[in-house]
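**Q** Here is the input, now give the coordinates:
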Amino acid sequence: MVNRWAAPITASRAGAAHLRAGRPCQDAVLCGELRDAEGHPVMLMAVADGHGGRRYRRSEVGSRLACETALAVVGDALAATPPADGEGGWSRWLAHDLPEAVQRRWLEAVQAHWQSEPGEGDFEPMLYGSTLGLVVMTPRWWGHTGLGDWDLVRVEADGRARLLQEENEPTALGEATCSLCQPQAASLFARRAALHPLAPEPRAFALVLCTDGIRKSCATDSDFLTLAAWLAGSGGEAAADLPEALDRISREGSGDDVTVAIARSGAPGERPSPLPMPPAVTPSPAQTAQAPSRPRRRRPAIGRAVA
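**A** Numbers count the residues shown, from 1 in each chain. A predicted model of the protein is given here:
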């Protein structure tokens, strides 16, 4: 079966504000090419955002382990017997089975890290708190799942961009976001999970998966979609182009860590149309007054009931 997905390109950069303060990048990104039980190619991309701050002082490790755990769990599932009811079974897997396995193995991984490098006080998963956004791409379908304040945009071949996923969890208000360190984390994935069948001859499109630092650097959702379309087109010309672009986005925008993974589907050689680089990321005072930027969401919503 033909692989309709090009290998994703990725970049992750420490935010301008983090660099000035001497803090590490707390984002992580990981992509991989796997095989299902029948030998068909499957692409995966994952992004994660550690919460930072003293309560979550190992979150840069937690975000890395989140991506590594997701890749391992997906690989194990693909190697096993696929669900008997096809796409319906994979939909339930994205919403329930995968999240349970990811959280369990992430907790095991962060505890193992603590035991190998113990710190002051007792071990708490909160020390490693992180979000996780995950996209799985097969020749027949693609799907997404995760928790926290990541965003997913679909960009068509003509450059039109549509926001497919954002955090809309009732427990994640204001500064709060959902996190793998929450006891009920696995139950929070279902709101962000969906499976999308591919048509026999689909038109070319791109998927842009990013941590919240990119969207927070934009004054409006429209600006964010324009930036995502640029990243999928001209901005994604080569992986080497992305770090400089992300540095500019953070420097002129939120100052937060910025991470992106971009995948493309369609006939070989097809890709979204190149677009001119947005002239600036930083909104003008007038733009800011008319359309405030997206609220910062970093701390997990611990202790709140889950709807």
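
**Q** Angles on the backbone of R264, please.
**A** phi -130, psi 140 (degrees, to the nearest 10).

**Q** Burial check on it, number of neighbours?
**A** The local packing of R264 (other CB atoms under 10 Å) involves 22 other residues. Backbone N, C-alpha and C define where each C-beta goes, glycine included.

**Q** Read off the pLDDT value for it.
**A** pLDDT recorded at R264 is 91.

**Q** so it makes contact with I9?
**A** No. Using CB atoms under 8 Å, R264 is not in contact with I9; the gap is 9.0 Å.

**Q** where in the chain is pLDDT low?
**A** 1-3, 84, 169-175, 202, 234-240, 267-307 (pLDDT under 70).

**Q** Show me where it has its strands.
**A** Ranges of strands in the chain, per DSSP state E, are 9-13, 27-35, 41-49, 132-137, 141-147, 151-156, 161-165, 176-177, 194-197, 205-210, 258-265, 299-300.

**Q** Can you tell me which helices and strands the first one packs against?
**A** So that's strand 9-13. The contact analysis (3 or more CB pairs under 8 Å, 6 or more residues apart in numbering; DSSP states H and E) places strand 9-13 against strand 27-35, helix 242-252, strand 258-265.

**Q** Include distance to T138 when you put the ones you listed into JSON lines, please.
**A** Formatted as JSON lines, these follow (distance: least, CB to CB, whole Å):
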{"stretch": "strand 27-35", "distance to T138": "10"}
{"stretch": "helix 242-252", "distance to T138": "25"}
{"stretch": "strand 258-265", "distance to T138": "11"}
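
**Q** among those, which is nearest A66?
**A** strand 27-35 (6.8 Å; CB to CB).

**Q** Return the set of buried residues in the closest one.
**A** Applying a neighbour-count criterion of 16 or more other CB atoms under 10 Å, one finds D27, A28, V29, L30, C31, G32, L34 buried in strand 27-35.

**Q** which one among these gets closest to Y128?
**A** A28 (11.7 Å).

**Q** In space, what's closest to the closest one - neighbours in sequence excluded?
**A** S63 (3.9 Å; CB to CB, 6 or more residues apart in numbering).

**Q** For that neighbour, give me its contacts.
**A** Shown in contact with S63 (CB atoms under 8 Å, 6 or more residues apart in numbering): Q26, D27, A28, A48, D49, G50, S130, T131.

**Q** And the residue nearest to Y56 when sequence neighbours are not counted, its phi and psi?
**A** Using CB to CB, 6+ apart and skipping the chain neighbours, the partner closest in space to Y56 is G129 (4.4 Å). Backbone torsions of G129, given as degrees, to the nearest 10, read phi -50, psi 140.
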